[in-house]
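**Q** Sequence and predicted structure are below.
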Amino acid sequence: MSSLSVFNLYRILSQDSFVLIYMGEFDDELTTVLMDINDASKSEMKAQRKKISYLIAECFQNIIRHSDKKNRADISAEIPEMFVLRDRKKIHQLITTNIVKNEFVESLKVKLNSLQNLSAEELKELYTQVFQNNERTERGGAGLGLIDMARKSGTAPTYEFVDLGNGFSNFFMQVNVLAKDFEGVVSEDDTSINSALDIYNQMTAEKVVMAKKGDFSQEAVLPLIQLFENNLNLKEEQIGLAKKVLYILIEMLQNMTRYAELQNGMKEGIFYISETDSKNYTVCTGNFLKSEQALKLKSDLEALLKMDKIELSKAYKKKLMSDEQEEGKGAGIGLIELCRHSADQIIYDISETGNGLSFFSLKVKV
Amino acid sequence: MEDRFSLIATAETPEIVFDKSKNEFSIKGKSMPESAFDFYAPVISWLEEYKTKPNDKTALDISLEYFNSGSVKQVFKILCALEEITETGKEAEVKWFYKKGDELMLSKGLEFGKFLDLPIEVKEI
């Protein structure tokens, strides 16, 4: 992806009203934060909060429980696992990926296929049957956990296996939850897993740890910061880098809270953070601004980008000591701080999108 | 003026205790409110009053896990108020705590020390 990557990602996900992608460390303690993110989202998934929360926990724990990551020393580091939550209006999706040994692929397919084409009623019946008889092993059918996920979501999960070589495959599973007001028949298009594969490829190419599209109000931003902080702790990231990354992340997310133009009734935007290399993270945000506001931001940024470290420190000190009344003039303290703490020059881009609005992307490496 | 001003910590704001009679002053936790100006306004207005009749010695402990840039500015304003106390002949000092390895928080403490005529001691925890 180019410097414009965040706008590309926005376009790929344009039909989704809410997307959360997580590719960091996986641990049980993160499930509650994920539920907080869902609760704070302005998406329609809230209407099915209990169900979605249950599925989040199941899917997330499946990644932790079933991963063969530990057994694949040779390819382990390069192949991250992914958890995605999407609201596609008609349908809500929870996507997980797991690395599995090829010897388990056939039996997994048999289990998943046994659920395909079953109606919500039939899934319910199957669940009761298996629950009462506890005969999962003899039947060779799906386990209770899997049937329960299908039953709760009202339709069978879709899946795909991607061979990784060396005897392992990447197992993609997508749980499809019909929206409350869903009418008609579920089409193959509705539950297609293809875009999940696209997302995964884009995210791994960019080494993304976390991404989100949707609302960036303060309530929505707080659990995102929490999730990333937990990831840093699990990773035992060096504290010096961790604190700096969090500072920049908070700044950039709250910039969207403050300035993003309302779209569809929310502070709509997109963000991702990637682990550029072992010493750096890159935070990227994108949101709509009124075009004249975007131009002002551009000229403020351009002025800062011409400054060296000493001049930036001076500008920072001046802002620190200035009265709030003068805040409107020139770049704010937050923007100066982004420039002071970025490892490379900040990259930004403006795309006019019509109706007097522009999409403003910002990329900062820490 | 109330003798004591205090706020309990939330997920986005720090615990604040400014107690004139116990002579206890501290700011602890995370600080990233949506509007730092609004959040700190009552703290600063309390200090403005306190400044007119300060204790002989005011010692403020600041121990922040992380913050947004808006909060940095407001914390700086609090320190400015303490600096003004020292100008009236009374004593004021700050202990700035930072977690071992947190270079950002350390540099903020050192920077404030440079910008102000106020004893700021940076302490590793």
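**A** Nice, thanks for sending it over.
**Q** ok now do the closest residue to chain B within the stretch 51-200 of chain A, which residues does it touch?
**A** Of all residues in the stretch 51-200 of chain A, the one sitting closest to chain B is A:Ser53 (19.3 Å; C-beta to the nearest C-beta). For glycine as for every other residue, the C-beta is placed from the backbone atoms N, C-alpha and C. Residues near A:Ser53 by C-beta atoms under 8 Å, 6 or more residues apart in numbering or on different chains: A:35, A:38.
**Q** that's a helix at it, yeah?
**A** Yes. With DSSP: H, G, I helix; E, B strand; the rest coil as the criterion, A:Ser53 is located in a helix.
**Q** Confirm for me that B:Gly101 is in contact with A:Glu237.
**A** No. Judged on C-beta atoms under 8 Å, B:Gly101 makes no contact with A:Glu237 at a distance of 10.6 Å.
**Q** neighbour-wise, which of the two wins?
**A** A:Glu237 (18 against 14; other C-beta atoms under 10 Å in any protein chain shown).
**Q** Which secondary structure state is assigned to that one?
**A** Here A:Glu237 takes the coil state, with states given by three-state DSSP.
**Q** For it, give me the pLDDT.
**A** With respect to pLDDT, A:Glu237 scores 86.
**Q** give me every residue that touches it.
**A** Counting by C-beta under 8 Å, 6+ apart, A:Glu237 touches A:Val245.
**Q** Quick check: it vs A:Asn231, distance?
**A** 8 Å (C-beta to C-beta, to the nearest Å).
**Q** now swap in B:Asn55 and tell me
**A** Distance of B:Asn55 to A:Asn231, computed by C-beta to C-beta: 44 Å.
**Q** the more surrounded of the two?
**A** When B:Asn55 and A:Asn231 are compared for neighbours, A:Asn231 comes out ahead with 23 against 16, by other C-beta under 10 Å.
**Q** Okay, now the unreliable bits of chain A?
**A** For chain A, the stretches with pLDDT under 70 are A:1-4, A:45-46, A:67-77, A:134-142, A:325-331.
**Q** can you count the residues close to the single nearest residue of it relative to chain B?
**A** Closest residue of chain A to chain B, C-beta to the nearest C-beta: A:Ile239 (3.7 Å). Neighbourhood size, A:Ile239 [other C-beta under 10 Å]: 18.
**Q** and it, what does it touch?
**A** B:99-102.
**Q** now do 6 Å
**A** Contacts for A:Ile239 (C-beta atoms under 6 Å, 6 or more residues apart in numbering or on different chains) come out as B:101-102.
**Q** And the one 5 residues further on, by the same measure?
**A** A:Lys244 makes contact with A:366, B:104, according to C-beta under 6 Å, 6+ apart.
**Q** Torsion angles phi and psi at it?
**A** Main-chain torsions, A:Lys244, degrees, to the nearest 10: phi -70, psi -40.
**Q** A:Glu251 now?
**A** Backbone torsions of A:Glu251, given as degrees, to the nearest 10, read phi -60, psi -50.
**Q** Show me the strands in the chain, by range?
**A** If you meant another chain, say so; for now it's chain A. With DSSP state E, the ranges of strands along chain A come out as A:18-22, A:83-87, A:91-101, A:158-165, A:168-178, A:208-215, A:262-263, A:266-277, A:280-290, A:347-354, A:357-365.
**Q** Please refer instead to chain B.
**A** For chain B, the strands defined by DSSP E occupy B:4-7, B:15-19, B:24-31, B:57-67, B:91-98, B:120-124.
**Q** Tell me who's in contact with the residue of chain B found nearest chain A.
**A** Using C-beta to the nearest C-beta, B:Gly101 is the residue of chain B that sits closest to chain A, at 3.7 Å. Contact analysis of B:Gly101 by C-beta under 6 Å, 6+ apart lists A:239-240.
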